[in-house]
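>>> Pasting the sequence and the predicted coordinates here, then a few questions.
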Amino acid sequence: MPEEIEEEQRIIEERDSSSKPNLEFALSIHEPIEKILYRDPVIVFPDTKVADAINYFIEKDVGCVLVVEKDTNKLIGIFTERDVIRKLVNKGHDYSKETVSEYMTKNPDALYLDDPIVYALNRMAAGGYRHIPLVDEGNHPVGFISVRDIVEHLADYYSNEVLNLPPSPHAKQRTREGG
């Protein structure tokens, strides 16, 4: 085969293969949230001390805790790292005495495991959230989903594109090892 024809055939094959991830991506955002590796809930009560909640962030490697009523275990709030930064840091608070109920977001938007991923994206974008609680039909927490969880899930559809990105032309090497 002449070289020009082989080159054209290669270009056509590349275009065909690059259009498939877009279709997969479009379909993936309509999958139910349960398809994502969402996280188990870290549950606290309204009288949990802020210091304890911060320790849970560190110990459990999470960015939020879900606040439930003691007697019903129904979701009544979410307390996040952003709440700590925006409402507490450098304001003279005693984290060992104050409770999460004073600073949590009350009655947060919550989703069900069978809601589509696109709902979570919409709520996060519209509300400026990084975390959304996941609940069952009785409003009991079953987990939570973060922006990072969604990005990692969607990046799977573009794994070749993400993993094979060239180095940024504007990046500057800081050490000999690149770190």
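Thanks, I have it.
>>> Confirm residue 132 sits in a strand?
Yes: under DSSP: H, G, I helix; E, B strand; the rest coil, residue 132 falls within a strand.
>>> So it is in contact with residue 141, correct?
No: here residue 132 lies out of contact with residue 141, judged by C-beta atoms under 8 Å, at a distance of 11.1 Å. (Each C-beta comes from the backbone N, C-alpha and C, glycine too.)
>>> These two: which has the busier surroundings?
residue 132 (28 against 22; other C-beta atoms under 10 Å).
>>> Next one: that one relative to residue 33, how far apart?
9 Å (C-beta to C-beta, to the nearest Å).
>>> again with residue 47
30 Å.
>>> ok, these two, which is more surrounded?
residue 33 (23 against 10).
>>> ok, the spatially most central residue of the chain - contacts?
Residue closest to the average C-alpha location in the chain (C-alpha atoms, centre = their mean): residue 146, at 1.8 Å. Taking C-beta atoms under 8 Å, 6 or more residues apart in numbering, we find residue 146 in contact with 39, 63, 64, 130, 131.
>>> and what of residue 39?
Neighbours of residue 39 in contact, by C-beta under 8 Å, 6+ apart: 62, 143, 144, 145, 146, 149.
>>> Now with 10 Å, please.
60-64, 131, 134, 143-146, 148-149 (C-beta atoms under 10 Å, 6 or more residues apart in numbering).
>>> How about residue 137?
By C-beta under 10 Å, 6+ apart, the neighbours of residue 137 are residue 112.
>>> Next one: it from residue 40, what distance?
Distance from residue 137 to residue 40, by C-beta to C-beta: 18 Å.
>>> Equivalent analysis for residue 116, please.
Applying C-beta to C-beta to residue 116 and residue 40 gives a distance of 21 Å.
>>> These two: who's more crowded?
Taking other C-beta under 10 Å, residue 116 and residue 40 do not tie; residue 116 has more neighbours (16 against 12).
>>> give me the beta-bridge partners of the more buried one?
residue 32 (DSSP bridges).
>>> dump the residue contacts of it.
Taking C-beta under 10 Å, 6+ apart as the test, what residue 116 contacts is 28, 29, 30, 31, 32, 33, 35, 122.
>>> Recalculate using a threshold of 8 Å.
So residue 116 contacts 29, 30, 31, 32, 33 (C-beta under 8 Å, 6+ apart).
>>> so the last one makes contact with residue 149?
In this case it means residue 33. No: Residue 33 lies out of contact with residue 149 (C-beta under 8 Å); the separation is 9.2 Å.
>>> shared neighbours of residue 132 and residue 33, which are they?
By C-beta under 8 Å, 6+ apart, the residues touching both residue 132 and residue 33 are 111, 120, 145.
>>> backbone phi and psi for the first one, please?
Listed backbone geometry of residue 111 is phi -130, psi 170, with angles given as degrees, to the nearest 10.
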